[in-house]
Each structure stands twice: as C-alpha cells, then as structure tokens.
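Colleague: take this sequence and fold it.
(2 chains)
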There are 2 protein chains.
Amino acid sequence: MNNELTITEGSITTPQGFKASGVHCFIKQTGPDLALIASDTPCSVAAMFTTNRVPASCIIIDREKAETGRGQAIVINSGNANACTGQQGLADSREMAALAAAELHIDPALVYVASTGVIGHHLPMQLIRDAMPQAGAALSYDGGMDALRAIMTTDTRPKHLVVSFELDGKSCSIGAIAKGSGMINPNMATMICVMTSDVAIEQPLLLAALREAVSVSFNMLTIDGEMSTNDCIFLFANGQAKNKKITAANSDYQIFKNALNALAIAMTKKIARDGEGATKLVTVTVDQAQSHAEAEKAAKAIANSALVKTAIFGQDPNWGRVVQAIGASGVQVDADHFHIQFAGITVAENGSAIAYDQDKMRAAQQQEEIRIYAGLGAGQESATVFTCDLTHDYITINADYHT
Amino acid sequence: MNNELTITEGSITTPQGFKASGVHCFIKQTGPDLALIASDTPCSVAAMFTTNRVPASCIIIDREKAETGRGQAIVINSGNANACTGQQGLADSREMAALAAAELHIDPALVYVASTGVIGHHLPMQLIRDAMPQAGAALSYDGGMDALRAIMTTDTRPKHLVVSFELDGKSCSIGAIAKGSGMINPNMATMICVMTSDVAIEQPLLLAALREAVSVSFNMLTIDGEMSTNDCIFLFANGQAKNKKITAANSDYQIFKNALNALAIAMTKKIARDGEGATKLVTVTVDQAQSHAEAEKAAKAIANSALVKTAIFGQDPNWGRVVQAIGASGVQVDADHFHIQFAGITVAENGSAIAYDQDKMRAAQQQEEIRIYAGLGAGQESATVFTCDLTHDYITINADYHT
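Modeller: Next comes the predicted model:
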C-alpha cells in the first residue's frame, strides 16, 4: 500500500463519476454565472455553513438537507447572494434546487444550492429557469473548471486542486474548487468551496473528517476579519473508487483524513494568497500558549491586526505591533519571556528586542510567503492561522465598488 | 444657578491653578517631546489604563500610584513608549517621576508618568535628565498648548477643549488635551488624555464620574480595532474654584458629571475625526438590541468592519456590509425586522432594501460626519460608537513607517 499523497492541479471532476458545467444565465453582465455539479450516483454528503446570524436563503435550506447526510448535486449562481430576501428568497432557493433536479432526473432533496453576490436583492428566477437546460446539457466529466469559472467573482486566480492517494489498492482522489478573496467583500466573493471524492465512506465519518479539516484550514483563514452570510463548504463522496467502504476510524480513514487535511490547507493558502489586494501569503503561528483556544485567539488577533498586515505590506518586521495585538487579545503572555520571529528571523527574545542581520531581514521580507511566529512563554499549545497583507488595492477594491 | 455647559477651545491650563510646559529633549529629532503638567496644590486624581496584557512600564507604576487617589503633576515624553523594556523600563519610569518631582519640589509619589512612541527601546534617560530643568523653568499658566504639542506624534490636528459651568455660584471648568490617531499606530500615537479641573470633589466621586464618562466616550472609540500598550487617561481636580466640595452624588455632582461626559465625548469625536488617514467622523448607533452589551458588540463590529469603513470612504451606503457585520458579531437580530439608516436616510426596512432618493443620498454621503443607525428588532437597548473611515492614507501611513 502506498501512503503517499499527491496534490496536483485537478478539480472536482478529477474524481471518478462527477460531471460539472458552467454557463451564462446573465445575472452578471459578463462571464459564466451558473454552475451545476452532479455525481452519477447518490453520495454521502458532509457540509458546513457560516455561523453568521443573518444567513442567506440557500444556507437555510441546505442546512435542513445536510441533516440527511445524502445528496447528488449542487447548483450555484454568482452575482446575487439571495441574502436578506425573506420568504421569497427561501422559495427561490427551493425552486433553483427543483429546476436542477428536474434537469438531472433526480429527487430535489438530493440537490443543494449556493449563491454568492450582492445582498438584499431577489434572484432573477426567470433567468435561472431559462438557463438550467443549458447547464444540464453542458454537464461533462471534464467540466470542473467551467463550474469554477461560473462561481468566481472578485477572485483574481482560479482556486482548484486535487489530492490523490491509494486506499485498499484502489486509486482515490478528492477534488476541490473554491471562490472567495475576502471572508466577504464587495458584497461578493463570499467563500464557497465544493469538494468531490470517489471514496466510499460512511457519512458520519465523512462529516467528522470534514469538521477536522475545516478546523485547521478554512476556520483558520482570515482576510479581513469579516464573516459572510453565504460561506459554505460541501464534500460529496460517491464511492466510485470501489475501495472497501470506510465504516470505522481505521487506517484507511486516517489516510483519507490526512489527504483531506492537506487539500483543505492547500486550498486555504490559495484563498489567503488571493485575498483582496494581497501581495503576500502570511502564516501566523502562536506557540507556548496556555490552551489551544488562547493560541488561536492570539494568532487570529495578529492575523486580523491592520497594523501587522500593513507592516508586512511595507516589508517591516515590526514586532511591537505583534506584541500589541497579542496583549490586546487578552491571552496569557509572559512579558519577560515571549519571543517573536519574522520570516524565520528572531527579532525579540525574552521580551526584548535583539539584534539581527538587516540584509538577511530585507531579503526575507521580500518573499511571497511571510511566516510570523510568536512564543508566548505561557504554556504548550499552538495554532496556525492563514491570512494576507493589507494593501492600497484592498481599499481601492472595496471603496470603489458601489452597490 | 446656571446649568449651562459651554465647550470652548481652551486646554488643561484653562482651569485655575494649573501650569504646563513642553520642551525638546531630543528623543524625537524635531519638535517638543517632553511635557510637564502640574497643579499649584495637591489634587484628587482619577485615572484609567489600557487593559493590554503587555502594558508599558509607566502604566505599571502609575496604576500603583493611582490607588492612592492623589497626585499633583504628570510628566510625559513622546518618541519612545518605554514598553517591552523589563526591569530597566520600570526603573526609568520611576526616575522620570523623581526628576520631575525634584524640579517641582514635591513628593515623587504625587507625580505620574506617561510615554508614547516606539516599543522595545529603552528610554534615553540622559536626555530626560538634561531637559527636566528646562521643562520646570518653562512651566506657565498658559502652557497647555505647549504640553499638547510635546505629546503629539502622528496626530494631524491638536486635540484640546475646555468645558465651563457653574457650581455653587462659582465658575468651574475641566480642560483636556489628548493625542492619538489610532488606538495604536506606527508604534506611536497611542492614546493619552490628560484632564484638569479646578472643581473641589472627593476622589471616589471623581473616579466614578471618570469611569462613567469613559464608558460612553473613549471606550466607545475605535480607529482600527487596536489597543495600545500605553493608553491612559488622567483627571486632576485641585479644588481651586472654591466650590462647596462635592462629597455626595448630589445635584452639583450631576452638573460636574454632565460636563465631564460632554467633554469626553467631544474629545473622543476629535480623536475619531483625526484617525489615521480619516476623511470622515463616523458615529454608529445600534438600537433595539437585546441588551446593552449586545448593542455595544454589534456597534463595535460595524465600526471595526474594514468593509463598512471602506464603503463610507467610497461614499456608498452599502447596507449589506452593515448587516453582514451585525450577523457575524453573533448578537440577536430579527432578519425580517431589522432596519438600517445611512446618514439619516433609511436604506433597509423590515429586513429588505427600500428605495430612496439617490440625489439626497449622494449629498448625504459627502458630509464630514456620517451617522449609521441599525435597529436590530430584538429588544430595547442601544449603544453609540465613534470611528472613522478606512482610506488609502491609513495604508500609506502604516506601511511606510519603519521601525
């Protein structure tokens, strides 16, 4: 048995038995804006949703469906979030699922719905009705990138990957596509991620694996500290790899889980790197915290600090701002024993500045990925958070966008 | 008795019996950087300090002194925060107080110390030793503005006011100076506010009044969601107005408290208006919340939202971003009954967009002060928070500053 993972540039139609399409239904003036993704056979489905108290209509109906742990397809539109749209919004999301189900000749209960775009406007349902047959006709076993292009909004790079591995002698894979370049931004670009896999696995284990993967990846991602009304992630597993079905937390489950974690972290880094206006991927690790919760709190405080993020944009290893963010977060920190690294170079030790090689530091700050490490001197726990720098382009993108 | 408050352009030497000076001790290359403020006689003193877990040395020694409720002077340097400086930092803060006390011929226990500037560097004590006699010699009954100029760093406008009122037939006043254009920024410009008053008042009442005033003003201020290692506010009351000493929460106390609240809110607005890179003062009121804590949480979530702040910079009444911020804050909100106003114009009612006059809105968005109002439809409580917009200049100021 080969335990190696390979991460490559595939997408959601790389795993066996998944088709996808992306067509233009004219919610947006240009580009495709309606994606359909379907498995040949019913799947175990795991899904996680935004905890925003004002969720979009699609989130509300998907949450109910996800209780069943079953599904076969998802239809996604961009350009309109169908959020803050009341009873009509719920009816529209249900109709969108029904339209896709009719096209696929399957039960509407097996079709999930996602929307992304402006808040507070009703979906133009006639456009979706008119375009659904085209989306159905265009379904293809290599249509993953078409579907991805149909869900992108302010993204500057397509975000898609596939992880391959072996289970039980069978070639297996998990593919992913995602959109989002802020946790939410121009009222657009809320995060949506769809993952597909040909692995045979029982739904409770699929959900447990997804929860663990999200806890170390997407839930550790922050672009601008904002949480959207439409964030969601779906993982469909159709069993077409014909591996011995995973029904317990055995070694096959571990392999699957490791592959899923690696894929989720790689996708998360892609989103962080493509944060609105970003020039750099930033990974923040807080170590020596009193608890995991405190490590995460401090790491997110650093990652959300406008001052830390502008310092990284300015290529300045400004550790005073990191300390200020940690201190303000309220976590336990030993003022005489914390230490800080910027891009692998120690700048503060035992609570005080230390001298470092200025030339090495200048070179390190120019890299595309900047790692910040903070040891709190208060315990044993650690956490890593992914973000990007804060730049002029973030302001331009978000100030110039008009509702 | 005249219950009217008058807020005018005075400062900390407007109340009777206070002298101040500002001199150049060369911690900073240009401009004054050492301020001395002293009452002719001992005062009741109330003070409040940052809750940052890594406080500066001056904060640590002032906290102890403030326990006594007594004081007569404060010495403040800019250009160096004396934060993350360990035992030497504490010794330096104590020496700075002792130097000022010697100059004033008073007990060092009566002298407070504040510092603002870069983090992680020891105070250049010889410069302070050399300049203290000059600071003492320059003390003057109209030196308030000199002291203010010596504590300013990235501030673009001096922030000073005085409120005048009558107590017991006597003319009384409270003067204030403040610095700060981010909660913290370029490792500089942490908030410091000094208030002086000639009112005779017992210290526990002075502290109670300050706490209440801060809770509706400075604690409701956010420029960039950052909390500094050096934030502090001091209120000295020397009794020289010769009013009947306030010893109970009577009508005189109410007048004093109202005056202090008005002064604190006016100073807070000045700081928000001068936020780094700001073009607008923004006041966010959240109403119909389930509790005051939830109202404050939602208002701060809106005020700290990079998306809301860039929308205001872009003069766009983007209510979707306000709803997203409220929803993400986790407070109770009725998705079918919230309503939102931008600059006095209703943009969403009963959870949905409503039409408004585009010309009126364009004009309203161009004002220097923008009010955002959000009714959550969940209760009776409200809170108001003060902030500013997020602009290109914030990025420029904070990315171009180098440690």
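Colleague: phi and psi next, for the closest residue to chain B within the stretch 101-250 of chain A.
Modeller: Nearest residue of the stretch 101-250 of chain A to chain B (CB to the nearest CB) works out as A:I119 at 3.2 Å. No exception for glycine: its C-beta is placed from N, CA and C like everyone else's. A:I119 adopts backbone torsions of phi -90, psi 140, taken as degrees, to the nearest 10.
Colleague: which residue sits closest to it in space, ignoring its chain neighbours?
Modeller: B:G320 (3.2 Å; CB to CB, 6 or more residues apart in numbering or on different chains).
Colleague: just for chain A, where's the confidence low?
Modeller: Counting by pLDDT under 70, chain A has low-confidence residues at A:1-3, A:181-190, A:223-229, A:400-403.
Colleague: can you tell me which strand in it is longest?
Modeller: strand A:34-49 (DSSP state E).
Colleague: now do the same contact list for A:N230.
Modeller: Shown in contact with A:N230 (CB atoms under 8 Å, 6 or more residues apart in numbering or on different chains): A:50, A:55-56, A:58-59, A:81, A:83, A:114-116, A:184, A:190-192.
Colleague: narrow those to those in helices?
Modeller: A:C58, A:I59 (DSSP state H).
Colleague: turn the contacts of A:N230 into JSON lines, columns for neighbour count and distance to B:A306.
Modeller: Listed next are the contacts of A:N230 as JSON lines, based on neighbours: other CB atoms under 10 Å in any protein chain shown; distance: CB to CB, whole Å:
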{"residue": "A:T50", "neighbour count": "23", "distance to B:A306": "18"}
{"residue": "A:P55", "neighbour count": "21", "distance to B:A306": "21"}
{"residue": "A:A56", "neighbour count": "32", "distance to B:A306": "21"}
{"residue": "A:C58", "neighbour count": "33", "distance to B:A306": "25"}
{"residue": "A:I59", "neighbour count": "25", "distance to B:A306": "23"}
{"residue": "A:A81", "neighbour count": "31", "distance to B:A306": "19"}
{"residue": "A:A83", "neighbour count": "30", "distance to B:A306": "19"}
{"residue": "A:A114", "neighbour count": "31", "distance to B:A306": "24"}
{"residue": "A:S115", "neighbour count": "30", "distance to B:A306": "23"}
{"residue": "A:T116", "neighbour count": "32", "distance to B:A306": "19"}
{"residue": "A:I184", "neighbour count": "31", "distance to B:A306": "10"}
{"residue": "A:T190", "neighbour count": "32", "distance to B:A306": "15"}
{"residue": "A:M191", "neighbour count": "24", "distance to B:A306": "16"}
{"residue": "A:I192", "neighbour count": "26", "distance to B:A306": "21"}
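Colleague: possible to save the contacts of A:N230 as a markdown table with distance to chain B?
Modeller: Shown next, in a markdown table, are these (distance: CB to the nearest CB, whole Å):
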| residue | distance to chain B |
| --- | --- |
| A:T50 | 8 |
| A:P55 | 7 |
| A:A56 | 10 |
| A:C58 | 14 |
| A:I59 | 11 |
| A:A81 | 8 |
| A:A83 | 7 |
| A:A114 | 17 |
| A:S115 | 13 |
| A:T116 | 12 |
| A:I184 | 5 |
| A:T190 | 9 |
| A:M191 | 13 |
| A:I192 | 15 |
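Colleague: count the neighbours of the residue of the stretch 101-250 of chain A closest to chain B for me.
Modeller: If you count neighbours by other CB atoms under 10 Å in any protein chain shown, A:I119 ends up with 29.
Colleague: does it touch A:G89 like I think?
Modeller: No - using CB atoms under 8 Å, A:I119 is not in contact with A:G89; the gap is 10.6 Å.
Colleague: residues shared between the contacts of the two?
Modeller: Shared contacts of A:I119 and A:G89, counting by CB under 8 Å, 6+ apart, come down to A:A83.
Colleague: residue contacts, A:T268?
Modeller: A:S217, A:F218, A:M220, A:L221, A:F386.
Colleague: tell me how far the residue nearest to A:I119 lies from A:T85.
Modeller: According to CB to CB, to the nearest Å, B:G320 stands 11 Å off from A:T85.
Colleague: who's more crowded, those two?
Modeller: Using other CB under 10 Å as the criterion, B:G320 and A:T85 rank with B:G320 on top: 29 against 25.
Colleague: report the buried residues of the helix or strand where A:M267 lies.
Modeller: Element membership for A:M267, per DSSP states H and E: helix A:251-273. For helix A:251-273, the neighbour count (16 or more other CB atoms under 10 Å in any protein chain shown) marks A:252-253, A:255-265, A:267-273 as buried.
Colleague: spit out the contact partners of the residue nearest in space to the middle of chain A.
Modeller: Nearest to the mean C-alpha position of chain A, counting by CA atoms, centre = their mean, stands A:F218 at 4.8 Å. Contact analysis of A:F218 by CB under 8 Å, 6+ apart lists A:M191, A:C193, A:I233, A:A264, A:M267, A:T268, A:I271.
Colleague: show the contacting residues for the fifth one.
Modeller: Under the criterion of CB under 8 Å, 6+ apart, the contact list for A:M267 reads A:K159, A:L161, A:A176, A:A178, A:C193, A:S217, A:F218.
Colleague: you'd agree the fifth one is up against A:N219?
Modeller: To tie it back to what came earlier, the one meant is A:C193. No - the pair A:C193 / A:N219 is not scored as a contact, 12.0 Å apart, by CB under 8 Å.
Colleague: re earlier: pairing partners for the longest strand of chain A, with directions?
Modeller: Here strand A:34-49 has these sheet partners by DSSP bridges: strand A:18-23 (antiparallel), strand A:70-80 (antiparallel), strand A:232-237 (antiparallel).
Colleague: circling back to that earlier point, neighbour count: A:C193 and A:N219, which is higher?
Modeller: In terms of neighbours (other CB under 10 Å), A:C193 is the more surrounded of A:C193 and A:N219; the figures are 25 against 17.
Colleague: who does the more buried one bridge with?
Modeller: Bridge pairing for A:C193 - DSSP bridges - gives A:A178, A:I233.
Colleague: related to what we said a few turns ago, sec struct for the residue nearest to A:I119, please.
Modeller: Assigned with DSSP: H, G, I helix; E, B strand; the rest coil, B:G320 falls in the helix class.
Colleague: distance of it relative to B:T268?
Modeller: B:G320 sits 28 Å away from B:T268, going by CB to CB.
Colleague: equivalent analysis for A:I302, please.
Modeller: With CB to CB as the criterion, A:I302 and B:T268 are 27 Å apart.
Colleague: A:I74 too?
Modeller: 48 Å.
Colleague: re the thing from before, need the overlap of contacts for B:G320 and A:T85.
Modeller: In contact with both B:G320 and A:T85: A:G120, using CB under 8 Å, 6+ apart.
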